[in-house]
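Trainee: Compute the structure for the input listed below.
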Amino acid sequence: MSKSNPERDLLHQENDQLRKLIRIRSVVNLTGLSKSYVYDLCKKGLFPKSIQLVPGGTSVAWVEGEIREWIDSRIQERNQVGTI
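Mentor: The predicted structure is shown next:
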């Protein structure tokens, strides 16, 4: 029986998020943004780029870790506004 290692478990979780692709519904749920606003921010270069799932296809997804990093950056920006 192997012992649980919290640091190792956290690394695995972070690695899974970096490799996990999520669809627009999950992006909307994570960010609280509307679907159309997510696409608008992407077009303006203000949001992580989507990945085309199949060459020549129309289905896209985002890397979960990149979305979470974007959320974290928004929080950091908010927190810096009060300290400047």
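Trainee: what sits against residue 78?
Mentor: Applying CB atoms under 8 Å, 6 or more residues apart in numbering, we find residue 78 in contact with no residue. Yep, even glycine has a C-beta here, placed from its N, CA and C like the rest.
Trainee: Can you give me the distance of it to residue 67?
Mentor: 17 Å (CB to CB, to the nearest Å).
Trainee: swap in residue 30?
Mentor: The gap separating residue 30 from residue 67 is 6 Å, by CB to CB.
Trainee: before we move on, what about residue 52?
Mentor: As for residue 52, its distance to residue 67 is 17 Å (criterion: CB to CB).
Trainee: Mind checking which of those two has more residues around it?
Mentor: Between residue 52 and residue 67, counting by other CB atoms under 10 Å, residue 67 is the more crowded of the two (20 against 11).
Trainee: Tell me which residues touch the more buried one, please.
Mentor: Taking CB under 8 Å, 6+ apart as the contact definition, residue 67 lies against 22, 27, 30-31, 48.
Trainee: need the helices for the protein, in chain order.
Mentor: Across the chain, reading from the start of the chain, the helices by DSSP state H fall at 6-19, 24-31, 35-43, 64-81.
Trainee: Show me what counts as buried in the last one.
Mentor: What that stands for is helix 64-81. When neighbours are counted by 16 or more other CB atoms under 10 Å, the buried residues of helix 64-81 are found to be 64-68, 70.
Trainee: From residue 39, how far out is the residue nearest the centre of the chain?
Mentor: Taking CA atoms, centre = their mean as the criterion, residue 67 is the residue nearest the geometric centre of the chain, at 1.4 Å. Shown here: residue 67 relative to residue 39, a distance of 14 Å by CB to CB.
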